Structures are given as structure tokens and as C-alpha cells.
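Chemist: model this:
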Amino acid sequence: MRGPVALVGAGEFLPVMSAIDADLLAGVGRRRPRVAVLPTASWPDGEEVFLRWAALGVEHFEGLGAEVEVVLVRERPDAADAAHAQAVGEADLIYFSGGKPDYLLRTLEGSAVWAAARAASERGSVIAGCSAGAMVLCSQVARFRTPPHLPFGFEAGLGLVPGVAVIPHYDRFPETLAAVRVAGAPRGTVVLGIDEDTAAIGRDGTWLVRGTGRVTIWRGRRRERLRDGETFRISAQHTER
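Modeler: Okay, the predicted model is just below:
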């Protein structure tokens, strides 16, 4: 049975996410779960930033009782490395942290590391992504410009979450602008606006909202807002990459 997917708006490896991540680990049913942390999306910001996110991931998940391995995928050749793929494939929880979504997508798509993550998911492992990590796991990825940090189009993502696109940090910019961007999503795409320190956790089409903020669900022009503990369903079917 495919494992759950956690889409996080922001806040990876911070204390505010500890209860959520502890529940994800508890769900794998192992006394000491294995976690693979991939800070790949932060690599364009430099080695120091990349290693800082790696260290934060180790500290966070070790504090929750997990055995943690940082998978140092910096560039696309690293994503083809058999040892990296093995580390990902053996993990009970695979975490893609934030940074540049376009870079993360180009590094992972069609790679051995992504194939291992997808196979692990099919066996029941948890796949989690925060911000850029959450975006690329979906069938559509919003393309951003800087400023004003808003999407100006969409492109095909990795497709682990079919029929969905994510806008992270949703509470950080005016929703009137977000609504215009949502209108540009491919027909039939459900757009999830996920606030910071908030996650949408899905399995078999049913999604649970966890965290201090909200998840805003856009189905065309229809908008729904849910808070911690509330659930929703997504049934769209698309092909993974």
C-alpha cells in the first residue's frame, strides 16, 4: 500500500512541526525509523546554506528518535548515484526540504534517486516535502518570479500527488493576487494554498490538515478553507513521472 504524502507550506525542521513529524514517524511502525533528508533545493544558495539545512534535518529527526541520513544530492549527477538511491530506497520517511523548486525538479526528474523514492512510497514509506519540496511532488508546479514571489505559470511536476499543485507560504501574500494566479492552473487541477507551519497529509485520496495555519483548497473558482484536524478529498488521476 502506498505510504502517506506530507505537503508542508513552510517550517521544516522547526519545533512547531515536531508533533506532526512525530506522528508521521509513528505511523511507519518501526521502533527507530530511518529518515532520509534531501536538502537539494537549497543547493543554488551555496554550500553553507545546503549544509545548514542538512544539519537542521538531522537534529530535528534525531530528536524525534529516528535514525537520520543526509543524502547529499547537490547536482543531477548525484541523483544518479547508486548509493544515494539506496539510502533513499531504504528510508521509512524521505524528506525534501525547501529552496528553489525549478532546480529541485530538474535535478530529480527521471533520476535513480527519484525512482527509489517512488518505489519506497509504493512500499509504504512516507514522502514529505516542504515549500519547494512540496511543490515538485505534485503533478503541476507553479513557476515563480522574484519579486513578488508569485507564480506566473505552471509546468509538469513529478506527479506523486496527481491532479494537484501547491502554493506554499500561502499566508505571506495577498490572496487577491493568488486567486489570479490560481486561475492560470491547468484545467482540473486542484490548487492547495498551504500556510506556513502547516501541512496537508494525504493517503488514498483523503487529506488531513495539521498545523497552526490553514489549507486553502481551490477547485476552479471554488475556494474552501480548512484548519487543523479537518479533512478533504482529492480524486483526480494523472500519470506520475
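Chemist: CA only for contacts and neighbour counts going forward, please
Modeler: Fine.
Chemist: show me the helices in this structure, by range?
Modeler: Ranges of helices in the chain, per DSSP state H, are 18-26, 47-63, 76-79, 82-89, 101-108, 112-123, 132-136, 175-182.
Chemist: where does this structure have its least confident helix or strand?
Modeler: Between all helices and strands in the chain, the lowest mean by mean pLDDT, DSSP states H and E belongs to strand 150-156, at a mean of 76.
Chemist: among the helices of the chain, which comes closest to Glu12?
Modeler: Nearest of the helices of the chain to Glu12, taken as CA to CA: helix 47-63 at 8.0 Å.
Chemist: any weak-confidence spans in the chain?
Modeler: Applying pLDDT under 70 to the chain picks out residues 144-152, 236-241.
Chemist: for the nearest residue to Ala115 once chain neighbours are set aside, give me its contacts.
Modeler: Spatial nearest neighbour of Ala115, chain neighbours left out: Ala85 (7.9 Å); criterion: CA to CA, 6 or more residues apart in numbering. Neighbouring residues of Ala85 by CA atoms under 8 Å, 6 or more residues apart in numbering: 79, 112-117.
Chemist: what about Glu90, distance to Val126?
Modeler: Between Glu90 and Val126 the computed distance is 11 Å (CA to CA, to the nearest Å).
Chemist: please disregard the earlier target; I meant Gln140.
Modeler: Separation of Gln140 from Val126 (CA to CA): 20 Å.
Chemist: cool, Leu14 as well?
Modeler: Leu14 is 19 Å from Val126, where distance means CA to CA.
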